[in-house]
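Colleague: What would the 3D arrangement of this be:
(one chain, ligands or ions: 2)
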Amino acid sequence: MTTGDGRMPATPQRRTPSCSPATSESAAGPADDIVLDLRDVHRTHGSGPAAVHALRGVSLAVRPGELIAVMGPSGSGKSTLLTLAGGLDSPTAGEVHVEGQPLHALDRRGLARLRRRRIGYIFQNLNLIGSLTAVENVALPLELDGSRVRTARRLALDALTEVGLTELGDRFPDQLSGGQQQRVAIARALVGQRRLVLADEPTGALDSQTGEAVLRLLRRRVDAGAAGVLVTHEARHAAWADRVVFLRDGVAVDSTAPLAGVEALLSGSGR
Ligand SMILES: Nc1ncnc2c1ncn2[C@@H]1O[C@H](COP(=O)(O)OP(=O)(O)OP(=O)(O)O)[C@@H](O)[C@H]1O
Ligand SMILES: [Mg+2]
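Modeller: Ligands and ions are numbered 1, 2, ... in the order given. Purely as a prediction, here's the structure:
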């Protein structure tokens with residue numbers, strides 16, 4: 001993806017995407033503009049003969065303005081990679097840094113704060129709270145973080161408007177279709193000042209038009225300076241990314257430019 005594509009680069013100097021550990025960054029500082037930095041991360045579940053090596057040494061650096069698509073067969077480690085990036089799980093070896101902070105050095109509170117403020121997470125299974133309305137679900141991370149209820153509600157309504165659900169804020173999740181629930185989950189991930197947006201198959205329950213609208217939102221947020229990681233099974237969704245990382249059996253086997261330009265998708269010729 002070049003900067004000549006009509007999109008505003010998020011930073012004056014948009015660097016070439018990198019799939020290497022950030023440890024060799026310039027003297028300007030230790031990986032100063034890297035938002036997400038996975039350094040040789042491993043995640044093993046269980047031990048002995050029953051051990052499952054969900055990730056075996058994956059390194060990935062994502063900078064502001066970059067959207068990375070992660071693809072690979074079922075069970076290849078995509079969700080595992082995302083949970084480690086979001087601080088929801090810890091690697092058995094290797095390190096995860098978010099905005100320069102090594103997650104392993106944070107205590108529970110510090111990690112929770114970083115997650116609430118800086119990381120937006122769209123789960124494969126949504127994780128909406130059934131007893132809260134749509135707008136309350138979206139406002140929750142802000143309220144937990146100390147925002148006034150009124151402010152949180154206003155920002156949550158803005159985020160719901162961004163995903164086209166202005167009118168449905170007062171419904172509970174079970175009064176919404178699967179696609180609408182998905183959009184509430186996306187609004188919750190985008191609300192506030194999130195710098196790292198992690199999306200695990202966010203278009204799974206959506207028709208193709210709504211799915212595309214969601215990717216457009218994600219792309220816009222990334223172009224505005226966030227870093228994004230999108231897990232997807234669909235090549236035409238990966239085409240919205242600047243780079244595609246393929247996982248197989250817990251290993252990043254390939255990293256390529258997107259499969260087609262976003263312009264081609266926008267003009268309809270890329271489908
Ligand atoms: N808590 C767990 N305990 C044991 N094994 C696990 C656990 N979580 C994940 N795994 C295993 O780790 C591997 C990677 O799982 P992961 O959920 O990351 O795959 P995925 O690429 O997201 O797959 P899908 O496309 O089906 O969502 C799988 O073999 C899975 O069974
Ligand atoms: Mg998964």
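
Colleague: What's the separation between Leu67 and ligand 1?
Modeller: 18 Å (CB to the nearest ligand atom, to the nearest Å). For every residue, glycine as well, the C-beta is placed using N, CA and C.

Colleague: And for Ala213?
Modeller: Computed as CB to the nearest ligand atom, the Ala213 to ligand 1 distance reads 23 Å.

Colleague: That residue and Gly179 touch, don't they?
Modeller: No: in this structure Ala213 lies outside contact range of Gly179 using CB atoms under 8 Å: 10.3 Å.

Colleague: Which one's more surrounded, these two?
Modeller: Ranked by neighbour count (other CB atoms under 10 Å), Ala213 and Gly179 place Ala213 first, with 18 against 15.

Colleague: which SSE is that one in?
Modeller: helix 208-223 (DSSP states H and E).

Colleague: moving C-terminal of that helix, what's the next helix or strand?
Modeller: As assigned by DSSP H and E, the chain's next helix or strand after helix 208-223 is strand 227-231.

Colleague: Show me the contact partners of that following strand.
Modeller: Contacts with strand 227-231, where a contact means CB atoms under 8 Å, 6 or more residues apart in numbering, come from 35-36, 62-71, 78-79, 81-82, 85, 124, 195-202, 215, 218, 221-222, 237-238, 240-241.

Colleague: how about a cut-off of 6 Å?
Modeller: The list of residues contacting strand 227-231 from outside it, by CB atoms under 6 Å, 6 or more residues apart in numbering, reads 35-36, 62, 64, 66-70, 78, 82, 196-201, 218, 222.

Colleague: Just the ones of these in strands?
Modeller: 36, 62, 67-70, 196-200 (DSSP state E).

Colleague: can you put the residues you listed in JSON lines and add distance to Arg109, pLDDT and neighbour count?
Modeller: JSON lines is the format used below for the ones in strands among the contacts of strand 227-231 (distance: CB to CB, whole Å; pLDDT from 0 to 100; neighbours: other CB atoms under 10 Å):
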{"residue": "Leu36", "distance to Arg109": "21", "pLDDT": "97", "neighbour count": "24"}
{"residue": "Val62", "distance to Arg109": "25", "pLDDT": "96", "neighbour count": "29"}
{"residue": "Leu67", "distance to Arg109": "30", "pLDDT": "96", "neighbour count": "27"}
{"residue": "Ile68", "distance to Arg109": "29", "pLDDT": "96", "neighbour count": "24"}
{"residue": "Ala69", "distance to Arg109": "33", "pLDDT": "95", "neighbour count": "26"}
{"residue": "Val70", "distance to Arg109": "29", "pLDDT": "95", "neighbour count": "28"}
{"residue": "Leu196", "distance to Arg109": "19", "pLDDT": "95", "neighbour count": "23"}
{"residue": "Val197", "distance to Arg109": "23", "pLDDT": "94", "neighbour count": "26"}
{"residue": "Leu198", "distance to Arg109": "21", "pLDDT": "95", "neighbour count": "28"}
{"residue": "Ala199", "distance to Arg109": "26", "pLDDT": "93", "neighbour count": "28"}
{"residue": "Asp200", "distance to Arg109": "25", "pLDDT": "92", "neighbour count": "22"}
